[in-house]
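Colleague: Quick check, what structure comes out for this input:
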Amino acid sequence: MTSPSASASIWSRKLDLFYLIFFIIHIPTILLVDAVTFLPTFLQTNIGLQLRDFYIATYQDKFAEAAPPWYAAFVVMELFYQTPLSIWAIPALIRDNAMVPVHLLVFGMQVFVTTLTCLVQVWSWEDRTVAQKQSITMLYGPYLALGAFMALDMVFRLRGRLLGKRKLA
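Modeller: Residues are numbered from 1 along each chain as shown. This is a model prediction of the structure:
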């Protein structure tokens, strides 16, 4: 919406700064933890495999131990949708690109729906204790909350732009 020279600094746009930090952290999380075993072997790193082993040993996450087909599809979405979008979002947020609300609305909804699906499945597991389920929920929960919050934030940003334009017409 705004030109790069007229944009407010990322430092003054607190939510965008929060999203920027998230995306900077999200990329290595995907590549070193979530999707490490989905990568071709030449792209798998020792640190990624060690982090994944630590994660499985610590949280007993059945998705990481043996991914069901639908979960594997979610990881593929992380690799082929979330990773490129995250790479795009970093400079786009800094420059206050007008397309940020559109892309982050889709991203937020996708993260919310996939994470909610995972948490529903986690709480159906009969071979994990409540404490183990709570531990996994503490990891997945922030993604659920972030996805919902980001999607709502982008809906309101887009609503303001669309209704603002309509009022001017």
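
Colleague: Next secondary structure element downstream of the helix or strand harbouring T29?
Modeller: For T29, the host element (DSSP states H and E) is helix 14-29. Next along the chain after helix 14-29, taking DSSP H and E as the criterion, comes helix 46-59.

Colleague: what packs against that following helix?
Modeller: Under the contact criterion of 3 or more C-beta pairs under 8 Å, 6 or more residues apart in numbering; DSSP states H and E, helix 46-59 touches helix 62-65, helix 130-168. Just so you know, the C-beta spots here come from the backbone N, C-alpha and C atoms, and that holds for glycine as well.

Colleague: Now do the last one against helix 14-29, angle only.
Modeller: The reference is to helix 130-168. When axes from the mean of the first three to the mean of the last three C-alpha atoms, to 10 degrees is applied, the directions of helix 130-168 and helix 14-29 differ by 130 degrees.

Colleague: pLDDT score assigned to S7?
Modeller: On the pLDDT scale, S7 is placed at 81.

Colleague: what's the helix or strand for V113?
Modeller: helix 100-122.
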